[in-house]
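Asker: sequence and predicted model, in that order:
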Amino acid sequence: MRDLIGRLEVVDDAAASALSVIDHFDSLVEERAPLAAVVRAAAALAGCAAGLHDAGRGITRRYASDGHALPEDTGPSQARARTAVPGRPGSWVWLERSGTDGPLDALILERSAKAVQTLTRDSAPPSAGSAVRIACDPDASEADRHDAVARLGLTTGIVTVVVSDSAGPWTPRGTRIGKHHVTLLHGTPVLPQGVRAGTAVAQEPAHLPTAMEQARVALRLADRVDGVGPSIVAFDSLGALAAVAERITAQEAGAVEDVRRLDEVRATRPWVIDTLQAVLDPTSLRQAAALLHIHHSTLQERLTWLASQLGYPIAKPGGRQRATVALLLWRIAHSENTGTDE
């Protein structure tokens, strides 16, 4: 091959360049090179950033033309030039060229895709976990998504359940995606005890990526497992609250003065959040006291003390509304803390 390339460079430089691309990727396959080397080669040969996304394994790799790793915040759906990896559902290679396509771009994509296919051919057969990743991956093709859903034995009305990473999946149709474990279920889910979760419903397989993000939003507002508020929150039950949870980051919520004040008083009174939740949910203070397992006079004392510390009366309409918003923002601010010490 290299002798042929040398001869062609004299008479047909374009053909020689094409054979060089083929030879480069063939060499990587012969050497059983890591997939990162394939992506780096594509970037170097194209002279622009290149990427690989494998939905089944939940990985994304991007490299600049000089070989440096890039953040994994760009996927194949954002690239103009991309090619699916044959035999790897939900897998793509792409080039991130901003200008006119290079003369060898199509060949580079084709050969890099075939190299990835060959280098991953001997890997384990697709698991239920990989099917869940493909089904929920926004960059997977609709054909691959439907195949993954069918492999899981699901059709429509799929319930997406997101729990904290520490909990883990409790059925074969679950896997870790990012910081959470995601499980796909049919019908009304029966969740095990001790689970803090967010849920959302995907009426069609195409809606699964959105449902997963909605379930993550719902999880942000879930109470701890032994708290007085709900530890399992359905996105469909949130209404306007979802708009707040979707748009405000934990950092933004934590910077709100009312939220900061809650953290300050909670430092010496651990019961502050549970007390607020109990008072804001039931219809009477006696019910709230019963929920907290304290006497109603003790609850009255707590509310009087809280009013002096927070600067507004919680039991009155204006203060109740303010406390409701403050508690909502507090949960968002602490949404990344998935332990039981909230």
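Answerer: Now that the structure is in, tell me what you want to look at.

Asker: run through the residues that contact A202.
Answerer: Counting by C-beta atoms under 8 Å, 6 or more residues apart in numbering, A202 makes contact with 157-160, 208, 210-211. Heads up, the C-betas are built off the backbone N, CA and C, glycines and all.

Asker: just the buried members of those?
Answerer: 158-160, 208, 211 (16 or more other C-beta atoms under 10 Å).

Asker: domains in this structure, by residue range?
Answerer: Recorded structural domains for the chain (assignment: automatic domain parsing) are 2-119, 128-237, 248-333.

Asker: tell me the mean pLDDT over the second one?
Answerer: Average pLDDT, domain 128-237: 88.

Asker: likewise the last one?
Answerer: Averaged over domain 248-333, pLDDT sits at 92.

Asker: how far does stretch 323-332 sit from its chain's centre?
Answerer: 23 Å (C-alpha atoms, centre = their mean, to the nearest Å).

Asker: what does that stretch contact?
Answerer: If you take C-beta under 8 Å, 6+ apart as the criterion, stretch 323-332 is touched by 220-223, 241, 244-245, 248-250, 253, 256, 258-259, 261-263, 273, 276-277, 279-280, 310, 312, 314.

Asker: again, but for stretch 109-116
Answerer: Residues from elsewhere that reach stretch 109-116 (C-beta under 8 Å, 6+ apart): 21-22, 24-25, 28-29, 35, 38-39, 41-42, 50, 52, 81-86, 88, 91, 93-95.

Asker: narrow the contacts of A202 to those in strands?
Answerer: Using DSSP state E, 158-160 are the members of those that sit in strands.

Asker: make JSON lines out of those and add distance to L306.
Answerer: Below are the ones in strands among the contacts of A202 laid out as JSON lines (distance: C-beta to C-beta, whole Å):
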{"residue": "I158", "distance to L306": "43"}
{"residue": "V159", "distance to L306": "38"}
{"residue": "T160", "distance to L306": "37"}
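
Asker: of these, just say which sits nearest to H295.
Answerer: For these, the residue nearest H295 by C-beta to C-beta is V159; the value is 40.6 Å.

Asker: distance check, the residue lying closest to that closest one once chain neighbours are set aside against R151.
Answerer: Excluding the flanking residues, the one nearest V159 by C-beta to C-beta, 6 or more residues apart in numbering is L185, at 4.5 Å. L185 sits 15 Å away from R151, going by C-beta to C-beta, to the nearest Å.

Asker: same check, this time on C48
Answerer: Look at C48 and R151: by C-beta to C-beta, they are 35 Å apart.

Asker: that older thread, mind checking which of the contacts of stretch 323-332 are buried?
Answerer: By 16+ other C-beta under 10 Å, those give 220-223, 241, 244-245, 248, 250, 253, 256, 258-259, 262, 273, 276-277, 279-280, 310, 314 as buried.

Asker: among those residues, which are in helices?
Answerer: 220, 241, 244-245, 250, 253, 258-259, 262, 273, 276-277, 279-280, 310 (DSSP state H).

Asker: quick one on the thing from earlier: please indicate which of the contacts of stretch 109-116 are buried?
Answerer: By 16+ other C-beta under 10 Å, the contacts of stretch 109-116 give 21-22, 24-25, 28-29, 35, 38-39, 41-42, 50, 52, 81-85, 88, 91, 93-95 as buried.
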